[in-house]
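Trainee: got a structure for you, letters missing:
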């Protein structure tokens, strides 16, 4: 796969930004901060917050897989990917699914979660560009 320096820089930047987002989500969960910021919310709101965080990490994982597929194709490893177009569409669908605003948690939306969701939505919105690059490499219409 022949890629321009601009394409490579775009994908590398998106990769780094996504990795930072996933690390921040992991820190929010692992440090106990998620529990602390949702402790005073009603049970239903805590469940919605947990679901949104789970959705974010699921979408992030799928988006990371799209980026890694681009990198594999760029480095000449296309033969190692079984049905890349099918895998790409499955991963892309997961990465961009329902990018709506987080549901209401009551009078206060946890700012840390809103920040993660907004950053995620920005990243997931740009995964379509990577999908187009991969499809072009595969000789498929975008």
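Mentor: Yes, it's here. Please read these numbers as outputs of a predicted model, since none were measured by experiment.
Trainee: Tell me the confidence at residue 106?
Mentor: Per-residue pLDDT puts residue 106 at 52.
Trainee: close enough to count as contact, residue 66 and residue 129?
Mentor: No - when contacts are counted by C-beta atoms under 8 Å, residue 66 is not listed as touching residue 129 (10.3 Å). Yep, even glycine has a C-beta here, placed from its N, CA and C like the rest.
Trainee: and these two? which has more neighbours close in?
Mentor: residue 66 (26 against 14; other C-beta atoms under 10 Å).
Trainee: which non-adjacent residue is nearest residue 8?
Mentor: In this structure, residue 8 finds its nearest non-sequential neighbour in residue 74, 7.1 Å apart by C-beta to C-beta, 6 or more residues apart in numbering.
Trainee: and that neighbour, how many residues sit next to it?
Mentor: Each residue near residue 74 was counted by other C-beta under 10 Å, and the total is 18.
Trainee: Roughly how far does it sit from residue 135?
Mentor: 14 Å (C-beta to C-beta, to the nearest Å).
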